[in-house]
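Colleague: here is my input; please provide its structure:
(2 chains)
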2 protein chains.
Amino acid sequence: MAAASNVPGAQTPSMHSDRRVTFSLKAPDATSLQVAGGDGLGMGPFPMTKGTDGTWTVTTPPGVPGFHYYWFVLNGVEVNDPASETYFGYGKETSGIEVPETGADFYAIQNVPHGEVRAKWYLSKTTGEWRRALVYTPPGYDDHSTTRYPVLILQHGSGENETGWTRQGRAQFILDNLIAAGKARPMIVAMDRGYAQPAGTRAPLPGPSGWLQNHTSFEDVVVHDLIPMIDASYRTIPDREHRAMAGLSMGGMQTLFITLEHLDLFAYIGSFSGSIIPNIRTANGTPQLFDPKTAYGGAFSDPARFNKRVKLLWLGVGTAEEDDFRAQISGTVETLRKAGVRLEYFESSGTAHEWQTWRRGLNDFAPRLFR
Amino acid sequence: MAAASNVPGAQTPSMHSDRRVTFSLKAPDATSLQVAGGDGLGMGPFPMTKGTDGTWTVTTPPGVPGFHYYWFVLNGVEVNDPASETYFGYGKETSGIEVPETGADFYAIQNVPHGEVRAKWYLSKTTGEWRRALVYTPPGYDDHSTTRYPVLILQHGSGENETGWTRQGRAQFILDNLIAAGKARPMIVAMDRGYAQPAGTRAPLPGPSGWLQNHTSFEDVVVHDLIPMIDASYRTIPDREHRAMAGLSMGGMQTLFITLEHLDLFAYIGSFSGSIIPNIRTANGTPQLFDPKTAYGGAFSDPARFNKRVKLLWLGVGTAEEDDFRAQISGTVETLRKAGVRLEYFESSGTAHEWQTWRRGLNDFAPRLFR
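Modeller: Residues are numbered from 1 along each chain as shown, chains lettered A, B, ... in the order given. Prediction:
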């Protein structure tokens, strides 16, 4: 059957019951065509075979459940599949394939009350530009006009943008379902574009290199522009006990750096497959030793005080992520626990550096917030 | 300079001061590459020339100001430009190029109060599916918690979807600017996907053929699902004197058919470059004679009564649209006026069946609503 990630009416990509996927593209004049994509699709690229009508097809081995970016390689050029919706990743609009997970309905749209996802434009003093945040307001927000809500700032990964958590991640449905089941407290979720450059300078390329060069600019956006705007525009509870930040991959790096520098603003912290950079101010690409006395400006140097102030420190990773990367995260967890820092550690079974890991992460993380 | 429609960091498409556009794509192994696109880009397709580094480029003649869809033709296959944001058109995610119009700032994001664009999921009884409407709420909506607002239902064209009016059309900025200048009354704008198929049947292909086969299903969605949902979810003034419907192209066809059948629900009507189909129930593709006595179920048969009930009937077209099409609309205008029907007729100078025509149309139409 047609994949859920297709544009309406498109019959391929087609999903088989064993999670194999058939891709096709009409290209009579192409001389070479392959399909390639994210980890969960398998090793790839998969050569496609040309039929007599000029349509090329291939059926890939069973994919890992979840969302995977993919693309065609048409005479050497990576191009989108016109049959797929597009999802912002790799710094561009990219095709994506949703492989269903049997029995997993926590990110499905269900017959429960739904929140809204609001596009909110605001002028950033830091960057001098109009920025767009996407803001999830929980079910009933407009009906309970005096109720105030806690806030989660939730950031995407490198090469993605503020649309990632709702398009690829289905965060709004995860939260709708958790809230309907009484498992998570109704909350506002603010998602912004994780790139920033000081006013008057050139726009950075998306991705970690652009971000690392300007990491304090995005910090300034969050602290001086985004949080005040959210608190002024929505019925928030504007204190640290009711403010969380989390992010995936690059967004996890950013979350750790920003929250641990600003514990006056945040009491809940989540890093989903985020690199651990113990001292961002001297980061130069070489691995840094994680010393709990000095890491992150000494945020962990007094574990008892940290445990009292920080209601939740949550680190997660997928078991199919690269060994070195997993070891970095699990090693940090071990070091911190040994030092007496209280934290939650989550592993997503069988998933790689992909959205299924982070959907599951959010489903574990959100219920622990604001309790 | 980089076009406003590019993804962040992409240097091409590049806009010249005389509105010529330079396109480029790295494709060392391609044997044929062209760029083609919407009317406003010129006749096309434009052959591209391969440089020594494998990058193909072309500079097209000055484009008409506004938004134009475009695509590369790579060894015979229409593909997106990875350097462009994507915009849903032609039933798929398509590249687009924004050609600036000197002196036109009515659709620019300006330093004025901004409304929100809210993604709202709702269950349609008609189709049995979860649908997503996009809902513009005007600046201050959340701050004035007892104020109620009139509603405009605003529909996209064939092959497009509910994102068209805000992504390609910049309707939210047009309304923000009009409202800030005191030229339009603050209003709610609901944008839905203009395709519908009865519950239990297969999804239609986007476009007029799919729509014509199921035109009463979308009518049912608007009348029985969308309007009640909007009135239940937002602070509307839920009567016909405070409800408008408008649309472009296919959306204009739909607007005329739906509103003229349901004058108990609508007092304001706008058709932006919409085909005139005097009797949808017997439409079979052959032109129909427009007889004001019988057209649209006799809605115009008593002009005095029509003029009293309908506060605004607005028809528009671009002067660069096809002659036959313009004649159909201007002929209808003439016939209706001769019969004594009061209406507004708007021509967009020098623009074709494209978004600049409809941006200008909305800028003329919205100030006339709910007065």
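Colleague: show me the domain layout of chain A.
Modeller: If you go by automatic domain parsing, the domain ranges for chain A are A:14-99, A:116-368.
Colleague: redo those domains as TSV? Include mean pLDDT.
Modeller: As requested, these are exported to TSV (pLDDT from 0 to 100):
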stretch	mean pLDDT
domain A:14-99	95
domain A:116-368	93
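Colleague: JSON lines for the ones you listed, including mean neighbour count and distance to B:Asp302?
Modeller: For every residue, glycine as well, the C-beta is placed using N, CA and C. Below are the domains of chain A laid out as JSON lines (neighbours: other Cβ atoms under 10 Å in any protein chain shown; distance: least, Cβ to Cβ, whole Å):
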{"stretch": "domain A:14-99", "mean neighbour count": "20", "distance to B:Asp302": "47"}
{"stretch": "domain A:116-368", "mean neighbour count": "20", "distance to B:Asp302": "41"}
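Colleague: I'd like these laid out as JSON lines, including distance to chain B.
Modeller: Listed next are the domains of chain A as JSON lines, based on distance: least, Cβ to the nearest Cβ, whole Å:
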{"stretch": "domain A:14-99", "distance to chain B": "4"}
{"stretch": "domain A:116-368", "distance to chain B": "4"}
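Colleague: out of the ones you listed, flag the one nearest B:Pro65.
Modeller: Among the domains of chain A, the nearest to B:Pro65 by Cβ to Cβ is domain A:116-368 (21.1 Å).
Colleague: what residue of chain A is the furthest out?
Modeller: Distance from the centre of chain A peaks at A:Thr52, with 41.9 Å (Cα atoms, centre = their mean).
Colleague: contacting residues for A:Asn80?
Modeller: A:71-72, A:86, A:93-95, B:79-80, B:82, B:86, B:93 (Cβ atoms under 8 Å, 6 or more residues apart in numbering or on different chains).
Colleague: which one of these is nearest to B:Glu354?
Modeller: For those, the nearest to B:Glu354 is B:Thr86 (17.1 Å; Cβ to Cβ).
Colleague: returning to that earlier point: can you pick out the most distant pair from the contacts of A:Asn80?
Modeller: Among the contacts of A:Asn80, A:Phe72 and B:Thr86 lie farthest apart (Cβ to Cβ), at 15.3 Å.
Colleague: and the domains of chain A as TSV, adding distance to B:Thr166?
Modeller: What follows is these, written out as TSV (distance: least, Cβ to Cβ, whole Å):
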stretch	distance to B:Thr166
domain A:14-99	16
domain A:116-368	8
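Colleague: and B:Gly40, which of those domains is closest to it?
Modeller: domain A:14-99 (21.5 Å).
Colleague: show me where chain A has helices.
Modeller: For chain A, the helices defined by DSSP state H cover A:164-167, A:171-180, A:208-213, A:215-220, A:227-233, A:250-261, A:295-298, A:303-309, A:323-338, A:355-365.
Colleague: out of the ones you listed, which is closest to A:Thr201?
Modeller: Using Cβ to Cβ, the nearest of the helices of chain A to A:Thr201 is helix A:215-220, at 8.8 Å.
Colleague: kindly export that closest one (C-alpha atoms) in CSV.
Modeller: Provided in CSV are the C-alpha atoms of helix A:215-220 (Å, rounded to 0.1, in the frame of the first residue of the first chain):
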residue,chain,number,x,y,z
HIS,A,215,26.7,29.0,19.3
THR,A,216,26.4,32.0,21.6
SER,A,217,24.0,33.7,19.1
PHE,A,218,21.5,30.9,19.3
GLU,A,219,21.9,30.9,23.1
ASP,A,220,21.1,34.7,23.0
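Colleague: mind listing residues that contact it?
Modeller: So helix A:215-220 is in contact with A:126-127, A:194-198, A:211, A:254, A:257-258, A:261, A:280, going by Cβ under 8 Å, 6+ apart.
Colleague: what of stretch A:297-314?
Modeller: For stretch A:297-314, the surrounding residues in contact (Cβ under 8 Å, 6+ apart) are A:241, A:244, A:246, A:260-261, A:263, A:267-271, A:279, A:292-294, A:336, A:339-346, A:364-365, A:368-369, A:371.
Colleague: how long is that stretch end to end?
Modeller: End-to-end distance for stretch A:297-314, by Cα to Cα, to the nearest Å: 19 Å.
Colleague: so which of the contacts of A:Asn80 belong to strands?
Modeller: Among these, the members falling in strands (DSSP state E) are A:71-72, A:86, A:93-95, B:79, B:86, B:93.
Colleague: how about a markdown table for those, with distance to A:Glu219 added?
Modeller: Below are the ones in strands among the contacts of A:Asn80 laid out as a markdown table (distance: Cβ to Cβ, whole Å):
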| residue | distance to A:Glu219 |
| --- | --- |
| A:Trp71 | 33 |
| A:Phe72 | 38 |
| A:Thr86 | 30 |
| A:Glu93 | 28 |
| A:Thr94 | 28 |
| A:Ser95 | 33 |
| B:Val79 | 38 |
| B:Thr86 | 30 |
| B:Glu93 | 33 |
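Colleague: and those residues, which is closest to A:Pro139?
Modeller: Nearest to A:Pro139 among the ones in strands among the contacts of A:Asn80, with distances taken as Cβ to Cβ, is A:Thr86, at 28.2 Å.
Colleague: surely the closest one touches A:Thr94?
Modeller: Yes - counting by Cβ atoms under 8 Å, A:Thr86 does reach A:Thr94; the two are 6.3 Å apart.
Colleague: quick one: closest of the domains of chain A to B:Leu226.
Modeller: domain A:116-368 (15.5 Å).
Colleague: strands - which of the contacts of stretch A:297-314 land there?
Modeller: Going by DSSP E, the strands hold A:244, A:246, A:268-271, A:344-346 from these.
Colleague: farthest pair within those residues?
Modeller: Longest span within the ones in strands among the contacts of stretch A:297-314, Cβ to Cβ: A:Ala244 and A:Tyr345, 17.3 Å.
Colleague: ok, the residue nearest to A:Trp130 when sequence neighbours are not counted - contacts?
Modeller: Spatial nearest neighbour of A:Trp130, chain neighbours left out: B:Ile109 (5.0 Å); criterion: Cβ to Cβ, 6 or more residues apart in numbering or on different chains. Residues counted as contacts of B:Ile109 (Cβ under 8 Å, 6+ apart) are A:121, A:130, B:173, B:176.
Colleague: number of residues surrounding the nearest residue to the last one once chain neighbours are set aside?
Modeller: In this structure, B:Asp176 finds its nearest non-sequential neighbour in B:His114, 5.1 Å apart by Cβ to Cβ, 6+ apart. Counted by other Cβ atoms under 10 Å in any protein chain shown, the residues lying close to B:His114 total 24.
Colleague: can you read off the pLDDT for B:His114?
Modeller: We have a pLDDT of 98 for B:His114.
Colleague: what residues are up against A:Leu315?
Modeller: By Cβ under 8 Å, 6+ apart, the contact set of A:Leu315 is A:270-271, A:274, A:329, A:332-333, A:343-346.
Colleague: who does it bridge with?
Modeller: Per DSSP bridges, the residues bridged to A:Leu315 are A:Ser271, A:Tyr345.
Colleague: if I look at it, how far off is A:Ser124?
Modeller: Distance, A:Leu315 to A:Ser124, using Cβ to Cβ, to the nearest Å: 29 Å.
Colleague: got it, and A:Val189?
Modeller: From A:Val189 to A:Ser124 the distance is 19 Å (Cβ to Cβ).
Colleague: residues in contact with the most centrally placed residue in chain A?
Modeller: Closest to where the C-alpha atoms of chain A average out (Cα atoms, centre = their mean) is A:His156, at 3.7 Å. Residues in contact with A:His156 (Cβ under 8 Å, 6+ apart) are A:162-165, A:191, A:194, A:247-248, A:250-251.
Colleague: quick one: which of the residues you listed is nearest B:Val223?
Modeller: A:Thr163 (31.7 Å).
Colleague: ok, what's across the strand from the nearest residue to the closest one once chain neighbours are set aside?
Modeller: Distances taken as Cβ to Cβ, 6+ apart place A:Phe88 nearest to A:Thr163, at 5.5 Å, with adjacent residues excluded. Counting by DSSP bridges, A:Phe88 forms beta bridges with A:Glu93.
Colleague: surely A:Ala98 meets A:Val64?
Modeller: One correction, residue A:98 is Glu, not Ala. No - using Cβ under 8 Å, A:Glu98 is not in contact with A:Val64, being 11.7 Å away.
Colleague: perfect, I'm done here.
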